[in-house]
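Trainee: heads up, no residue letters with this:
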């Protein structure tokens, strides 16, 4: 399996490219060089980019409490009845790419109506799970959207960025599981939401919160780390709930390299491996000269077009664009598979290490939630984070919802169907509602 980690769908239809590098001209063989750490690009001076600048805000839909409850039958026992109407806006805002260049991104802004949900409102920045369909926009939602039923319909203003390379972004690719660009997209979406609030007359309380599921758990933790390191004076961050995320990213991939997590097969492994590896090649340029160096044919000829591309995560899982988990060896070159497993200086391992999230300690309240039955993102990520933070003198809440998942559910279902709603309920009860 490839790894493991971050994946999965998210609240609003989580179905959620750059030109592939061509072969280089042949050259005389040279002595092999020592592998080097991938370097992170530096951000340009702040005055060059108006980060968070709001370019446009447009109403996309609105839902009454009746609309929301009628479609929320799966999670109604967890959410209770909707308290107010919710308006859904699409924001276009300025942020930065992986090299600090100015880019425009999109986000959904979910706004509760003050008729049933009186302000002032906290701002909750929500990071969504893995999306492979490039054109998918979080603002193209329905009344059953999980962010609406759990949060916006109960008095939270929620902003959900599409990330670089997704939604309305014309960025060449999506930097999947790249901590810095996940954080910059989230932070600038929070700024844009505040600007939109001035136009829309939203009564913000001034309190900021974070939440994220699967890939979004990685993104929300990266955002908390960035805010507490550099933007503490700008955001009054009072609570963060990270759900089923690969915080120990490199170890997650190492442990799941051959397709199993916790003794169960991870059906999403081929997809997650392909997405992460092609993403890191585009970011760092150190992983391969051409896809066939890593991927076997025929997949080497098409894999870069998939992430992101026209197909949703479900379509990739059920289709034949990638091999199934029991044919993982048909996707990866054998020598690469072996080298990753045994070589600490493998370029892919070095890139993953650049995006681990355990090198800090939180200063605001944090909750980590997931399921010990999850076969996509191992719950060991939560324990690893808890242990690392405790070693730095900080205790965080850890919640395992496995006992609330039906006994017949497999590891994929734990991750894709049950963890997100159960953990949102736990986050509200144990952290968010008290902090708001």
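Mentor: Yep, it's here. Bear in mind the structure is a predicted one, so any value in this text is a computation, not a measurement.

Trainee: just the strands in the protein please.
Mentor: Under the criterion DSSP state E, strands of the chain are mapped to 54-63, 86-96, 102-112, 121-127, 157-161, 204-213, 236-243, 260-261, 264-265, 366-370, 397-400.

Trainee: Same list (those strands) but as CSV, adding mean neighbour count and distance to residue 323.
Mentor: Just so you know, the C-beta spots here come from the backbone N, C-alpha and C atoms, and that holds for glycine as well. As requested, the strands of the chain are arranged in CSV below (neighbours: other C-beta atoms under 10 Å; distance: least, C-beta to C-beta, whole Å):
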stretch, mean neighbour count, distance to residue 323
strand 54-63, 16, 37
strand 86-96, 24, 35
strand 102-112, 25, 33
strand 121-127, 27, 29
strand 157-161, 30, 32
strand 204-213, 24, 26
strand 236-243, 25, 29
strand 260-261, 22, 16
strand 264-265, 18, 13
strand 366-370, 27, 27
strand 397-400, 17, 32
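
Trainee: Would you format those as a markdown table with distance to residue 250 and mean pLDDT included?
Mentor: Shown next, in a markdown table, are the strands of the chain (distance: least, C-beta to C-beta, whole Å; pLDDT from 0 to 100):
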| stretch | distance to residue 250 | mean pLDDT |
| --- | --- | --- |
| strand 54-63 | 36 | 98 |
| strand 86-96 | 25 | 98 |
| strand 102-112 | 27 | 98 |
| strand 121-127 | 20 | 98 |
| strand 157-161 | 25 | 98 |
| strand 204-213 | 19 | 98 |
| strand 236-243 | 17 | 98 |
| strand 260-261 | 15 | 93 |
| strand 264-265 | 21 | 94 |
| strand 366-370 | 18 | 98 |
| strand 397-400 | 21 | 98 |
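
Trainee: With distance to residue 301 as added columns, please give these in CSV.
Mentor: Shown next, in CSV, are the strands of the chain (distance: least, C-beta to C-beta, whole Å):
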stretch, distance to residue 301
strand 54-63, 37
strand 86-96, 32
strand 102-112, 29
strand 121-127, 32
strand 157-161, 32
strand 204-213, 33
strand 236-243, 36
strand 260-261, 28
strand 264-265, 26
strand 366-370, 36
strand 397-400, 42
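
Trainee: now for those strands, which one comes closest to residue 335?
Mentor: Closest of the strands of the chain to residue 335 is strand 260-261, at 21.6 Å (criterion: C-beta to C-beta).

Trainee: who does the closest one pair up with?
Mentor: Next to strand 260-261 in the sheet, as set by DSSP bridges, lie strand 264-265 (antiparallel).

Trainee: how far out from the middle of the chain is the partner strand?
Mentor: Chain-centre distance of strand 264-265: 22 Å, with C-alpha atoms, centre = their mean, to the nearest Å.

Trainee: Could you do stretch 227-246 as well?
Mentor: The mean C-alpha position of stretch 227-246 is separated from the chain mean by 14 Å, C-alpha atoms, centre = their mean.

Trainee: Same check on stretch 123-131?
Mentor: The answer for stretch 123-131 is 7 Å, by C-alpha atoms, centre = their mean.

Trainee: State which helix of this structure is the longest.
Mentor: Secondary structure of the chain per DSSP state H: the longest helix is helix 179-200.

Trainee: Tell me which other helices or strands it touches.
Mentor: Packing partners of helix 179-200 (3 or more C-beta pairs under 8 Å, 6 or more residues apart in numbering; DSSP states H and E): strand 54-63, strand 86-96, strand 102-112, strand 121-127, strand 157-161, strand 204-213, helix 215-230.
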